[in-house]
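Engineer: sequence plus the predicted model coming up.
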Amino acid sequence: MATTRSAHTVWEGNLFQGGGVVTFDSSGAINDQPVSWPSRAEQANGKTSPEELIAAAHSSCFSMAFSNILDKAGTPPTKLITSADVTFQPGEGITGIHITVEGTVPGIDNDAFVAAAEDAKANCPVSQALKAVPITLSAKLA
C-alpha cells in the first residue's frame, strides 16, 4: 500500500527579504519551521532550509535501507549513526550530497560493511529520487 506524506510552506515577500514557514502536515511531529533565503544561502540563524530537510530525509532513509540490508545478510546492526551533508551553491543549486555512516555491527568485517553501505546509498528511495546529484559515502565500523 502506497503512503503519501505532506508538508506545506507559506511564503511572504520576495526571495531576498521575504520568508516562510514550513508545516509538517502528515505527522505534526516537527513544529513549524521558518525558512528564508539568508538561512539557505548564508547562515542558518535558527532557520531551516530545503537542503537541511533533504539531509534529514536522506540520512533517515539511508539508515533504514542500510539496516535492512545488514539484517538480510544475517548481521543486523546494533547501532548506525548516519549524517548527510547537502551542499547548496547559489546560482547552481544542490551540487552534492555526502553521507557519513559509522556502525556497530557484530559479525561483519569492514569490507562487507562498506559494500552494504554502498548498496544502501545506491538503492534507498531518497537516493533514487536524488540521482541527478552526485552522492558520495564514507562508511566505517565503530
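Structural biologist: Done, it's in.

Engineer: could you check the pLDDT of the most centrally placed residue in the chain?
Structural biologist: Residue closest to the average C-alpha location in the chain (C-alpha atoms, centre = their mean): His58, at 2.3 Å. On pLDDT, His58 comes in at 98.

Engineer: for it, what are its contacts?
Structural biologist: Ala84, Val86, Ile97, Ile99, Cys124, Val126, Ser127, Leu130 (C-beta atoms under 8 Å, 6 or more residues apart in numbering). The way it works is simple: take the backbone N, C-alpha and C, and place the C-beta from them, glycine included.

Engineer: can you name the two of these that are farthest apart?
Structural biologist: Largest separation among the contacts of His58 by C-beta to C-beta: Val86 and Cys124, giving 14.7 Å.

Engineer: contacting residues around Phe66?
Structural biologist: Taking C-beta under 8 Å, 6+ apart, one finds Pro77, Leu80, Thr82, Val101, Gly103, Ala116, Ala117, Ala120, Cys124 in contact with Phe66.

Engineer: try 10 Å this time
Structural biologist: Going by C-beta atoms under 10 Å, 6 or more residues apart in numbering, Phe66 touches 77, 80, 82, 99, 101, 103, 105, 113, 116-121, 123-124, 139.

Engineer: equivalent analysis for Gly93, please.
Structural biologist: Here Gly93 is in contact with Glu51, Thr87, Ala132, Val133 (C-beta under 10 Å, 6+ apart).

Engineer: the second one sits in which helix or strand?
Structural biologist: Just to be clear, that refers to Thr87. strand 79-89 (DSSP states H and E).
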